[in-house]
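1. Fold the stuff below for me.
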Amino acid sequence: MKLSCLQENLNRGLGIVGRAVATRSTLPITQNILLASEQSRLKLAATNLEMATTCWVGAKVEQDGAITIPARLLIDFVNSLPNDLIEITLPPNSHTLEFKSGRFQAHINGIDAQDFPPIPEVSDGVTTNIEADAFREGITQVVFAAATEESRPVLTGINTEFEGEKFNLVAADGFRLAVYKTTLNSPVSDKATVIIPARTLNELNRLLGDQEEPVEITINQQKSQALFHLKNAELVSQLIQGSFPNYSQVIPQSYATRAVVDVKEFLRVIKMSSIFARDASGIIRLFITPGAELTPGKVTVSAQAEEVGGNVSEIDALVDGEEAKIAFNVKYLSDVLSVLHQAQVALEITTPSSPGVIRPMGVDNYVHVIMPMFVQW
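-> Numbers count the residues shown, from 1 in each chain. Below is the predicted model:
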């Protein structure tokens, strides 16, 4: 193999695939990155056997070839080089890759490319595509609500539903639920529901970056793998097997009290209360008071830690319904408010022991449900 490419491009490509490298594995070669020439480009690939990322870097290829190189060493070395042309050479019948850039040279010992696990090809099954902006927003607004503990594997994934033009992303961890709905560019003929690992979608969100082109999604017929095709990269992931809980029955269909508040103000007082809630099991209390004829309604947020102290904050609100009170885990409330870009949000409450619902104003494609904390009032 003999080729040359710019340090900036190679560094960016290694940044894309580097996160898919296995950190601890019984298969040492999965801690390597595959370098191969392909159609006048340099192909980079990495896999941890659950997820595989491939990307292509512009290069001048003089001689074809392939090799796998230890990821950490390769990434650190390329990152340390100046932004200049890098010449990469793999002598015939050798497993040592040679690098030359200006006055800098290095050689790194690798493992034969034939030993690298094959990247799955996902071609049959459901294929569609979606606008990058909508997909990015959907991932951002649901992925944090997925469970991180493996006790219920299906909850560590995002329930992804394809039906006609409809595309839904749903995450839940037993304490909260996030549902995001949008539309596909090309409708699917058959309804399909799969559970994509949250780790995969987090990585995909990072790869999307500032991509403007639509993302192509392919789910294989067995519903065991998904392929996401981006502008200069592909990500293949194993899917989680199992049945996601029936989430629609968790979303309250009515409310006794509804308060519309400014997102930034609400988030500020939530974060202020979190300072005290740290020493009070993360609990904050919300009191909603309707307004009179000339005075606006208000939401009072308080946190009380016996040993440390407490705080009380008030913000104006447009209140519909009666007085209400509810307690939440401060992190759950802060998490959802941090990912909304709308100016206002509605908080809907039925009773102190019923789930609270958060809906951004001006859109009807997102709903977030948080279970209440049980406290002594």
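
2. SS state for A303?
-> Following DSSP: H, G, I helix; E, B strand; the rest coil, the label given to A303 is strand.

3. just R199 next, same as before
-> Following three-state DSSP, the label given to R199 is helix.

4. shouldn't it be in contact with M51?
-> Yes: between R199 and M51 there is a contact under CB atoms under 8 Å: 7.0 Å. (Glycine included, C-beta is placed from N, CA and C.)

5. Pull the distance from stretch 153-173 to the chain's centre.
-> Its chain's C-alpha centre and that of stretch 153-173 lie 13 Å apart, by CA atoms, centre = their mean, to the nearest Å.

6. Report the backbone C-alpha coordinates of that stretch in PDB.
-> Taking C-alpha atoms only, stretch 153-173 is exported to PDB below (Å, rounded to 0.1, in the frame of the first residue of the first chain):
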ATOM      1  CA  PRO A 153     -31.700  -4.300  28.500                       C
ATOM      2  CA  VAL A 154     -34.600  -3.000  26.400                       C
ATOM      3  CA  LEU A 155     -34.600   0.200  28.400                       C
ATOM      4  CA  THR A 156     -31.000   0.900  27.500                       C
ATOM      5  CA  GLY A 157     -32.200   1.400  23.900                       C
ATOM      6  CA  ILE A 158     -34.400   3.800  22.000                       C
ATOM      7  CA  ASN A 159     -37.600   2.300  20.700                       C
ATOM      8  CA  THR A 160     -37.700   3.400  17.100                       C
ATOM      9  CA  GLU A 161     -40.900   3.100  15.100                       C
ATOM     10  CA  PHE A 162     -41.300   3.300  11.300                       C
ATOM     11  CA  GLU A 163     -44.900   3.500   9.900                       C
ATOM     12  CA  GLY A 164     -45.600   5.100   6.500                       C
ATOM     13  CA  GLU A 165     -44.200   8.500   6.800                       C
ATOM     14  CA  LYS A 166     -44.200   8.500  10.600                       C
ATOM     15  CA  PHE A 167     -40.900   8.100  12.600                       C
ATOM     16  CA  ASN A 168     -41.000   8.000  16.400                       C
ATOM     17  CA  LEU A 169     -38.200   7.800  18.900                       C
ATOM     18  CA  VAL A 170     -39.100   6.700  22.500                       C
ATOM     19  CA  ALA A 171     -36.900   6.400  25.600                       C
ATOM     20  CA  ALA A 172     -37.700   5.400  29.100                       C
ATOM     21  CA  ASP A 173     -35.800   4.400  32.200                       C
END
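
7. Okay, buried residues for that stretch please.
-> Within stretch 153-173, the residues scored as buried using 16 or more other CB atoms under 10 Å are 154-162, 167-173.

8. Repeat that for stretch 369-377.
-> So stretch 369-377, judged by 16+ other CB under 10 Å, has buried residues 369-373.

9. Including distance to A303, secondary structure and pLDDT, could the residues you listed go into JSON lines?
-> As requested, those are exported to JSON lines (distance: CB to CB, whole Å; DSSP: H, G, I helix; E, B strand; the rest coil; pLDDT from 0 to 100):
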{"residue": "V369", "distance to A303": "22", "secondary structure": "strand", "pLDDT": "98"}
{"residue": "I370", "distance to A303": "16", "secondary structure": "strand", "pLDDT": "98"}
{"residue": "M371", "distance to A303": "18", "secondary structure": "coil", "pLDDT": "97"}
{"residue": "P372", "distance to A303": "15", "secondary structure": "coil", "pLDDT": "97"}
{"residue": "M373", "distance to A303": "12", "secondary structure": "coil", "pLDDT": "95"}
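
10. could you point out the longest helix in this protein?
-> Longest helix of the chain, by residue count under DSSP state H: helix 263-277.

11. Run the chain-centre distance for it.
-> In this view, helix 263-277 has its centroid 24 Å away from the chain centroid, taken as CA atoms, centre = their mean.

12. Which elements pack onto it?
-> Helix 263-277 is packed against strand 283-289, strand 297-305, strand 309-321, helix 330-338, strand 344-349, with contacts defined by 3 or more CB pairs under 8 Å, 6 or more residues apart in numbering; DSSP states H and E.

13. switch the cut-off to 6 Å
-> Contact here means 3 or more CB pairs under 6 Å, 6 or more residues apart in numbering; DSSP states H and E; on that basis helix 263-277 packs against strand 283-289, strand 297-305, strand 309-321, helix 330-338.

14. got TSV for the ones you listed, with mean neighbour count and mean pLDDT too?
-> Shown next, in TSV, are the helices and strands packed on helix 263-277 (neighbours: other CB atoms under 10 Å; pLDDT from 0 to 100):
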stretch	mean neighbour count	mean pLDDT
strand 283-289	22	96
strand 297-305	20	95
strand 309-321	17	95
helix 330-338	20	97
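
15. out of these, nearest to F228?
-> For the helices and strands packed on helix 263-277, proximity to F228 was assessed by CB to CB; helix 330-338 is nearest, at 24.5 Å.

16. Next, the angle strand 344-349 makes with the closest one.
-> Per axes from the mean of the first three to the mean of the last three CA atoms, to 10 degrees, the angle that helix 330-338 makes with strand 344-349 is 140 degrees.

17. just checking, what packs against helix 330-338?
-> helix 263-277.
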